[in-house]
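K.L.:
Test case, fold it:
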Amino acid sequence: MKIVFMGTPDFSVGALEALVAAGHEVTAVVTQPDKAKGRSGQVQFPPVKECALKYNIPVFQPVKIKTPEAVEALRAYEADVFVVAAFGQILSKEILTMPRLGCVNIHASLLPKYRGSSPINQCIIDGEEETGVTIMQMDEGVDTGDILATVRVAIAADETAESLFEKLSKAGAKLIVDTLPKLERGELTPVRQNDAESSHTKMLKKSFGEIDWKKSAVEIERLVRGLNSWPSAYTYFNGKSVKLWRCEVADSAFDGRERAGEILNVTKDTVEAACGTGILRIGELQLEGKKRMDTKTFLLGNQWKAGMRFGR
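P.N.:
Numbering: from 1, shown residues only. Down below sits the predicted model:
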């Protein structure tokens with residue numbers, strides 16, 4: 001099968017690798033433009049581009065995929081289907097109907113729940129015990145197309161967005177390889193999504209990670225895992241930001257409404273802080289300008305005491 005693959009981040013790489021390994025002819029990879037990164041301004045390729053170059057696959061990087069020039073460039077690749085995985089741009093109706101089998105999307109949730117750009121993070125933040133991958137026939141809406149196939153993936157109690165990202169990337173790669181032959185043979189029965197069961201996740205911003213200590217310890221612990229490794233959950237201490245990388249709920253019933261953000265207990269290897277409800281035990285953190293480290297190592301050089309407080 002001739003495929004044009006559209007994707008940008010690491011999540012997409014597994015699917016591209018799997019399609020190549022399955023013997024499909026990937027006629028082109030479409031990805032976002034290269035970006036300058038960090039203070040050096042060094043140009044960095046999107047992960048999918050790096051993968052494409054490894055297999056000598058032509059790469060197309062339009063700033064806007066909907067322009068007439070970009071549409072004509074896509075048409076020249078003569079694909080049977082466009083496979084999309086976290087590409088990062090909205091496709092026009094003209095593009096969606098271009099290949100004979102249309103465009104299919106690898107979406108990292110069990111649709112219709114968690115449409116949008118951050119389903120992996122949000123399902124952890126919400127305390128879900130299960131998520132999955134959906135292969136969807138794309139339409140003009142945002143993740144609203146008919147469902148072609150799904151696979152379920154359990155969310156571990158200590159799951160981070162980073163670890164779940166890896167699980168779902170692998171699951172999506174296998175699922176798209178299994179689904180495409182069935183699509184070509186006409187063996188799939190598309191299932192319309194129930195819009196009443198849908199929710200929409202927003203594009204992540206750094207500000208989403210600021211901890212509100214008036215929330216429960218359970219909610220904050222989920223936030224820490226759900227935003228690991230980016231943009232990360234953070235708070236402030238003596239005017240400096242502190243990222244929290246690993247925490248656990250030490251007590252879920254403690255009434256901390258009047259003491260939210262206060263450090264209640266410091267031992268040689270842990271720090272415990274009051275939340276609106278419950279107590280959060282911090283296991284790994286990173287002070288502004290310093291390296292990420294476990295709390296025991298951190299406390300060797302930082303004299304934190306009970307009664308001190310997190311927050312602005």
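K.L.:
Helix, strand, or coil at residue 246?
P.N.:
The three-state assignment at residue 246 reads strand, by DSSP: H, G, I helix; E, B strand; the rest coil.
K.L.:
what are the bridge partners for it, then?
P.N.:
residue 284 (DSSP bridges).
K.L.:
residues contacting it?
P.N.:
Contacts for residue 246 (Cβ atoms under 8 Å, 6 or more residues apart in numbering) come out as 224, 228, 282-284, 294. Bear in mind the C-beta positions are built from the backbone N, C-alpha and C, glycine included.
K.L.:
List only buried entries from these.
P.N.:
Among these, those classed as buried by 16 or more other Cβ atoms under 10 Å are 224, 228, 282-284.
K.L.:
follow-up on the earlier one: want to throw the contacts of residue 246 into TSV with pLDDT?
P.N.:
Output for the contacts of residue 246, formatted as TSV (pLDDT from 0 to 100):
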residue	pLDDT
224	98
228	97
282	98
283	97
284	98
294	97
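K.L.:
neighbours around residue 38, how many?
P.N.:
7 (other Cβ atoms under 10 Å).
K.L.:
now swap in the one 3 residues further on and tell me
P.N.:
A count of nearby residues for residue 41, using other Cβ under 10 Å, gives 8.
K.L.:
Spell out which residues sit in contact with it, please.
P.N.:
Residue 41 neighbours (Cβ under 8 Å, 6+ apart): none.
K.L.:
hang on, isn't residue 15 packed against residue 84?
P.N.:
No: contact criterion Cβ atoms under 8 Å: residue 15 and residue 84 do not qualify, at 9.6 Å.
K.L.:
what sits in contact with each of the two?
P.N.:
Common neighbours of residue 15 and residue 84 (Cβ under 8 Å, 6+ apart) are 7, 106.
K.L.:
from what I can see, residue 83 looks like it's in a strand, true?
P.N.:
Yes: under three-state DSSP, residue 83 sits within a strand.
K.L.:
what secondary structure does residue 290 sit in?
P.N.:
Residue 290 ends up coil, using three-state DSSP.
K.L.:
And residue 254, how far from residue 157?
P.N.:
20 Å (Cβ to Cβ, to the nearest Å).
K.L.:
The two - which one has more neighbours?
P.N.:
residue 254 (20 against 7).
K.L.:
now the helix or strand encompassing the more buried one, how far from the centre of its chain.
P.N.:
Assigned by DSSP states H and E, residue 254 falls within strand 240-255. Strand 240-255 has its C-alpha centroid displaced from the chain centroid by 22 Å (Cα atoms, centre = their mean, to the nearest Å).
K.L.:
now swap in stretch 44-55 and tell me
P.N.:
Centroid separation between stretch 44-55 and its chain, computed with Cα atoms, centre = their mean, is 19 Å.
K.L.:
which residues are in contact with it?
P.N.:
5, 7-10, 12-13, 16-17, 20, 26, 29, 31-32, 34-37, 58-59, 61.
K.L.:
residues of that stretch that come out buried?
P.N.:
45-49, 51-52.
K.L.:
would CSV of those with secondary structure be doable?
P.N.:
Conversion of these to CSV gives the following (three-state DSSP):
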residue, secondary structure
45, coil
46, coil
47, helix
48, helix
49, helix
51, helix
52, helix
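K.L.:
okay, the contacts of residue 246 in JSON lines with distance to residue 92 next?
P.N.:
Listed next are the contacts of residue 246 as JSON lines, based on distance: Cβ to Cβ, whole Å:
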{"residue": "224", "distance to residue 92": "39"}
{"residue": "228", "distance to residue 92": "35"}
{"residue": "282", "distance to residue 92": "48"}
{"residue": "283", "distance to residue 92": "47"}
{"residue": "284", "distance to residue 92": "45"}
{"residue": "294", "distance to residue 92": "49"}
